[in-house]
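*Asks:* please find the sequence and the predicted model below.
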Amino acid sequence: MKTDVILVCTVVGVANYLFRYLPLRLGGNRKTGAMKSGALARVLDSIGIASICALLVVSSTPEILRDSQRLLPTLAGFVVLTLIFWRSKSIILSTLVGAVAYGLIFKAMLLTG
């Protein structure tokens, strides 16, 4: 394996761990309900959509570089994912609907081209 790949995987792994661990560790007094509002609450609320978007970019970039026809379905899936999350605040629903949008557009492109 190339050292670049190992370095990137290590950096991403450490950042992912710290992104999940530090807000919980530095969260302050959880008994008083301090976690329900404020900057930390907004950060924790954004972790789900940020993780999904990061995974989308990381997993789709090699595919798009190999086959440029995957760009449109990927962009459509990302836009649908973002819009559904913005409206519903449900990471599960937005991920599922975004994946379905990607699949439908990819299938439609295969059928027409």
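*Replies:* In hand now; what should we look at?

*Asks:* flag every buried residue along stretch 40-59.
*Replies:* L40, G48, I49, I52, L56 (16 or more other Cβ atoms under 10 Å). (Glycine included, C-beta is placed from N, CA and C.)

*Asks:* is G13 in a helix, a strand, or coil?
*Replies:* Three-state call for G13 (DSSP: H, G, I helix; E, B strand; the rest coil): helix.

*Asks:* tally of neighbours for it?
*Replies:* Neighbours of G13 under the rule other Cβ atoms under 10 Å: 10.

*Asks:* which pLDDT value belongs to M109?
*Replies:* Listed pLDDT for M109 reads 90.

*Asks:* list phi and psi for it.
*Replies:* Backbone torsions of M109, given as degrees, to the nearest 10, read phi -70, psi -40.

*Asks:* report how many residues lie close to it.
*Replies:* 13.

*Asks:* pull the residues that contact stretch 86-102.
*Replies:* 45, 48-49, 52, 73-74, 76-78, 80-82, 84-85 (Cβ atoms under 8 Å, 6 or more residues apart in numbering).

*Asks:* got those as CSV, with secondary structure, distance to A99 and pLDDT columns?
*Replies:* Output for the contacts of stretch 86-102, formatted as CSV (DSSP: H, G, I helix; E, B strand; the rest coil; distance: Cβ to Cβ, whole Å; pLDDT from 0 to 100):
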residue, secondary structure, distance to A99, pLDDT
D45, helix, 21, 70
G48, helix, 15, 71
I49, helix, 14, 69
I52, helix, 10, 72
P73, helix, 10, 90
T74, helix, 11, 87
A76, helix, 11, 91
G77, helix, 7, 88
F78, helix, 11, 86
V80, helix, 9, 92
L81, helix, 8, 87
T82, helix, 13, 86
I84, helix, 11, 92
F85, helix, 13, 85
